[in-house]
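Student: here's my sequence, what's the structure:
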Amino acid sequence: MMSGNPDSLIKILTEAGIALEDARFDMGLIYAEFGDDEKALAEAVDKRASGMPVAYIIGKQGFYKEEYKVTPDVLIPRADTELLVESALRFLGALDLPLGDVSCIIPSDKTLTSPRILDLCTGTGCVGISVMNTLIGKYEDAHAVLADISDAALRISRENIISQCKVPSNIDLIKLDVLEEQVPEGKFDVVTSNPPYINESDMMTLDREVNDYEPHLALAGGEDGLIFYPHICNIACQCLKNGGALIVEHGYDQADEVRQTLTDKGFNNVKSLKDFGGNDRVTFGLWGGE
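Tutor: Numbers count the residues shown, from 1 in each chain. This next block holds a predicted model:
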């Protein structure tokens with residue numbers, strides 16, 4: 001049995017190739033979760049040394065104002081994706097202090113009493129749930145539909161709805177295939193999506209933590225990484241209310257192509273927003289608006 005001393009455990013991680021500061025941070029999370037169980041602690045350190053992401057080891061990941069259950073069936077939520085949440089909240093008039101490029105989004109000029117959002121490729125459900133938790137504070141009748149093709153992802157998102165959403169009954173889950181352009185019932189004020197967007201060549205060079213552990217179904221976006229965006233646009237065109245917004249995440253080098261796709265599909269006021277790392281990360285477009 002390995003020693004439970006944090007310094008010795010950090011050494012195991014650095015010897016496995018993890019940078020010292022990262023090892024210290026990871027060890028803090030692992031020790032907080034398993035420090036009282038020497039066997040579980042040893043197994044967790046072994047998993048981390050082998051490359052398994054900490055979020056999968058401890059089974060959760062903080063995102064926006066919530067903490068989401070994660071398993072290898074779903075992509076680990078990233079801080080960059082919080083820009084997608086804040087962009088939706090800004091448009092819906094529920095973000096009090098917009099920062100960075102989010103302030104460039106003009107809130108909807110429609111009178112919203114019971115806004116409806118659709119989140120495609122929902123994974124853990126983190127985007128839709130985080131948007132809803134803020135919306136519910138402003139609009140009691142806010143409602144969301146979370147959609148994914150993966151049954152396993154839908155099971156995880158259901159658990160997250162129950163554990164993290166302030167009003168779980170205000171969120172519905174549906175199985176939906178974006179590439180088949182299945183369209184949910186009803187009309188929505190906002191459609192959000194963080195689809196798979198890694199291209200084929202980049203899929204071949206992913207870090208082992210991503211390639212070996214995170215679901216390729218949630219990563220691979222086809223030859224150029226852009227296969228999902230025309231289909232997302234087609235779905236949004238059919239289910240957005242007049243004056244509604246489509247907001248999508250994409251790779252740092254895909255903004256030009258994604259903006260062009262939205263423009264070609266009839267969206268207006270199309271703009272890309274930079275994350276706090278200075279990379280183009282989210283593109284916004286209005287549908288109709290007359």
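
Student: residue 240 and residue 34, how far apart?
Tutor: 46 Å (Cβ to Cβ, to the nearest Å). C-betas here are computed from N, CA, C, even on glycine.

Student: revised request: answer the last question for residue 136.
Tutor: 34 Å.

Student: helix, strand or coil for residue 42?
Tutor: State at residue 42, reduced to three classes by DSSP: H, G, I helix; E, B strand; the rest coil: helix.

Student: again but with residue 31, I slipped
Tutor: Of the three states, residue 31 takes helix according to three-state DSSP.

Student: counting neighbours, what do you get for the residue nearest to it when sequence neighbours are not counted?
Tutor: Nearest non-adjacent residue to residue 31, counting by Cβ to Cβ, 6 or more residues apart in numbering: residue 6, 5.9 Å away. Using other Cβ atoms under 10 Å, residue 6 is surrounded by 15 other residues.

Student: domain parsing for this protein?
Tutor: 6-50, 65-286 (automatic domain parsing).

Student: pipe those into JSON lines and attach mean pLDDT and distance to residue 57 per row.
Tutor: What follows is the domains of the chain, written out as JSON lines (pLDDT from 0 to 100; distance: least, Cβ to Cβ, whole Å):
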{"stretch": "domain 6-50", "mean pLDDT": "89", "distance to residue 57": "5"}
{"stretch": "domain 65-286", "mean pLDDT": "95", "distance to residue 57": "10"}
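
Student: turn those into a markdown table, columns for distance to residue 56.
Tutor: Listed next are the domains of the chain as a markdown table, based on distance: least, Cβ to Cβ, whole Å:
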| stretch | distance to residue 56 |
| --- | --- |
| domain 6-50 | 8 |
| domain 65-286 | 6 |
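
Student: out of those, which gets nearest to residue 58?
Tutor: domain 6-50 (4.5 Å; Cβ to Cβ).

Student: give me the distance from the closest one to the chain's centre.
Tutor: Between the centre of domain 6-50 and the centre of its chain there are 26 Å (Cα atoms, centre = their mean, to the nearest Å).

Student: more neighbours: which of residue 240 and residue 34?
Tutor: Higher neighbour count among residue 240 and residue 34: residue 240, with 22 against 19, using other Cβ under 10 Å.

Student: contacts only, for the more buried one.
Tutor: 187-191, 246, 287-288 (Cβ atoms under 8 Å, 6 or more residues apart in numbering).

Student: at 6 Å instead, please
Tutor: 188, 191, 287 (Cβ atoms under 6 Å, 6 or more residues apart in numbering).

Student: surely the second one meets residue 118?
Tutor: By that I understand residue 191. Yes - contact criterion Cβ atoms under 6 Å: residue 191 and residue 118 qualify, at 4.8 Å.

Student: which SS class is residue 225?
Tutor: coil.

Student: just residue 146 next, same as before
Tutor: strand.

Student: excluding chain neighbours, what is closest to it?
Tutor: Of all residues beyond its chain neighbours, the one nearest residue 146 is residue 122 (4.1 Å), with distances taken as Cβ to Cβ, 6+ apart.
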